[in-house]
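[1] Below is the sequence, then the predicted model.
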Amino acid sequence: MWAVNYDKYSVHTMSNFDQPNFSDESPVSVEHSFEQLIRIQSNQKKDSFRIELFLSNRCNYKCWYCFPGSNEGTHGWPDLELIKKNLSHLIEHYKKNIGKKDFYLHLIGGEPTIWKDFGEFTKYFKEKFNCLISMSTNGSRTLRWWEEYGHYNDIVMLSCHHERVDVPHIIAVADLLYKKGVSVDANVLMDPHAWDKCVAIVEQLKSSKKKWAINVLEIYHSTVNYNEEQKKYLSDCNKRNPSFFELFNWKKRRFEKFNSTPTLHFNNKKKKRVLQNYLSLNGMNNFKGWQCNVGVDTIQIDKHGLIKGSCGNRLYNLNRSFNLFNKDFTINFYPDIVPTICERERCKCQPEINCNKKLYE
């Protein structure tokens, strides 16, 4: 499982947006001496809703920097019929209560491709709700598997982990999906302790003549500190932009509704548009006490079935939680869909960092 770049088709150069400030070694805080950040305006459309579904923590990799709880293998796969019924109820509730129309279902793990019901699950939600479906995967399944199941996805995000990745295989998988019309990119997780190896993987991926996107992603871990040169490399996360063919597919499938290049608003009435990783790279992702649209525009369903923010924040301003895997979910899940107050010290998920939020007074 990994936090990935959901704005994979932000093909703008850094001149179009404000670059991260690398003049100081210390992170930039939300509150500056001359200006204070007071609001983040997402460009996600109001009628769209993103669901990140953590299917299981079973994975065939054991990356040292993976989020705790993501690859221990302690939680099995959900019951197919139960999750179909309960997730359908959740989608219908958002449609009826706040007018959501477009639903983006992002599947993570663990490694989602090893779920035996993966194909039937994605087919059901594609046909019933016309969901945009994506997944984050290490891409390790055979080419035969990808030939059979890859087309159930609108987008496949191939996470490249330097300790285990088979780069020629990843290229073969990406090329196969590209030929099928699936939007695909390769995301290289940039380990500062193996920096040169990670950069070499980026360059090797570029050997494919199919123009799928190549991105670099920072990793979050207590032992990770990027130097200034590494931060500069990460600040332009798109290392190869997609072809016009990819962009056409993306527009056709409505992914533009889920971009995450937010506009920052300051107390001196200044505002600026930034790339999706600007806030995290500059240490501007502490929103404790802010009013946030997690629960309104995006949710995560964790491996236990709990509906929350990816950071664990409670939703709907309630002192209770809802569990998608409970048999009585369709009886109990009727909350008012309202913004929540952030209770966490640090936000680490880019879609949640960049969603609508404001300083709460």
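    Cool, got the structure.
[2] contacting residues around stretch 326-335?
    82, 85-86, 89-90, 93, 305, 315-316, 318, 322-323 (CB atoms under 8 Å, 6 or more residues apart in numbering). (C-beta placed from N, C-alpha, C; glycine too.)
[3] Drop anything exposed from the residues you listed.
    Taking 16 or more other CB atoms under 10 Å as the criterion, what is buried in these is 86, 90, 93, 305, 315-316, 322-323.
[4] Point me to the helix or strand that includes residue 169.
    Residue 169 is part of helix 167-179, with elements assigned from DSSP states H and E.
[5] Residues contacting that helix, please?
    139-140, 143, 146-147, 150, 156, 158, 160, 184-186, 201, 204-205, 207-208, 210, 212, 246.
[6] for the stretch 251-361 of the chain, what spans make up the strands?
    Per DSSP state E, counting those that start in this stretch, the stretch 251-361 of the chain carries strands over the ranges 263-266, 271-273, 291-292, 298-301, 307-308, 340-341, 357-358.
[7] Can I get the fourth one as PDB, trimmed to CA atoms?
    In PDB, the C-alpha atoms belonging to strand 298-301 read as follows (Å, rounded to 0.1, in the frame of the first residue of the first chain):
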ATOM      1  CA  THR A 298     -13.200  11.900   0.200                       C
ATOM      2  CA  ILE A 299     -13.100   9.100   2.700                       C
ATOM      3  CA  GLN A 300     -11.000   6.100   3.400                       C
ATOM      4  CA  ILE A 301     -12.300   2.700   4.400                       C
END
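[8] Mind giving me the ChimeraX command for buried ones among the contacts of helix 167-179?
    To isolate the buried ones among these in ChimeraX, judged by 16+ other CB under 10 Å, type:
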select :139,140,146,150,156,158,160,184,185,186,201,204,205,208,210,212,246
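[9] Take the contacts of helix 167-179 and keep only those in helices.
    With helices taken from DSSP state H, the overlap with the contacts of helix 167-179 comprises 143, 146-147, 201, 204-205, 246.
[10] now residue 62, nearest residue through space, not along the chain?
    Distances taken as CB to CB, 6 or more residues apart in numbering place residue 71 nearest to residue 62, at 5.8 Å, with adjacent residues excluded.
[11] Where do the domain boundaries of this structure fall?
    Domains of the chain are assigned by automatic domain parsing as 16-44+259-293+339-361, 46-258+297-337.
[12] okay, those in JSON lines with mean pLDDT next?
    JSON lines is the format used below for those (pLDDT from 0 to 100):
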{"stretch": "domain 16-44+259-293+339-361", "mean pLDDT": "79"}
{"stretch": "domain 46-258+297-337", "mean pLDDT": "90"}
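[13] residues near residue 47, how many?
    12 (other CB atoms under 10 Å).
[14] what residues are up against it?
    Counted by CB under 8 Å, 6+ apart, residue 47 has contacts 99-102, 257.
[15] ok, residue 331 to residue 307 distance?
    Separation of residue 331 from residue 307 (CB to CB, to the nearest Å): 15 Å.
[16] neighbour-wise, which of the two wins?
    residue 307 (21 against 9).
[17] who are the neighbours in contact with the residue lying closest to the more buried one once chain neighbours are set aside?
    Spatially, and ignoring its direct neighbours in sequence, residue 307 is nearest to residue 322 (4.8 Å; CB to CB, 6+ apart). In this structure, residue 322 makes contact with 306-307, 329, 332-333, 335, judged by CB under 8 Å, 6+ apart.
[18] roughly how far apart are residue 322 and residue 158?
    For residue 322 relative to residue 158 (CB to CB), the value is 32 Å.
[19] ditto for residue 343
    34 Å.
[20] now residue 150
    Distance of residue 150 to residue 158, given as CB to CB: 11 Å.
[21] what do you get for residue 184?
    Taking CB to CB, one finds residue 184 at 7 Å from residue 158.
[22] What of residue 164?
    To residue 158, residue 164 is 13 Å away according to CB to CB.
[23] What about residue 210? Give its phi and psi, please.
    Per-residue torsions, residue 210: phi -80, psi 130 (degrees, to the nearest 10).
[24] In contact with residue 291, which residues?
    Residues in contact with residue 291 (CB under 8 Å, 6+ apart) are 339-342, 357-360.
[25] For it, which non-adjacent residue is spatially closest?
    Using CB to CB, 6+ apart, the closest residue to residue 291 is residue 360 (4.2 Å).
[26] burial count for the one you found?
    Close neighbours of residue 360, defined as other CB under 10 Å, add up to 12.
[27] Please name the residues that touch it.
    289-291, 341.
[28] Looking at those, which is nearest residue 282?
    Closest to residue 282 out of the contacts of residue 360 is residue 290 (16.6 Å), distances taken as CB to CB.
[29] Which pair in the ones in helices among the contacts of helix 167-179 has the greatest spatial separation?
    Of all the pairs that the ones in helices among the contacts of helix 167-179 form, the one spanning the most space (CB to CB) is 147 and 201, at 24.4 Å.
[30] Hmm, residue 113 and residue 145 touching each other?
    Yes - using CB atoms under 8 Å, residue 145 makes contact with residue 113 at a distance of 7.0 Å.
[31] okay, these two: which has more neighbours?
    residue 113 (20 against 15).
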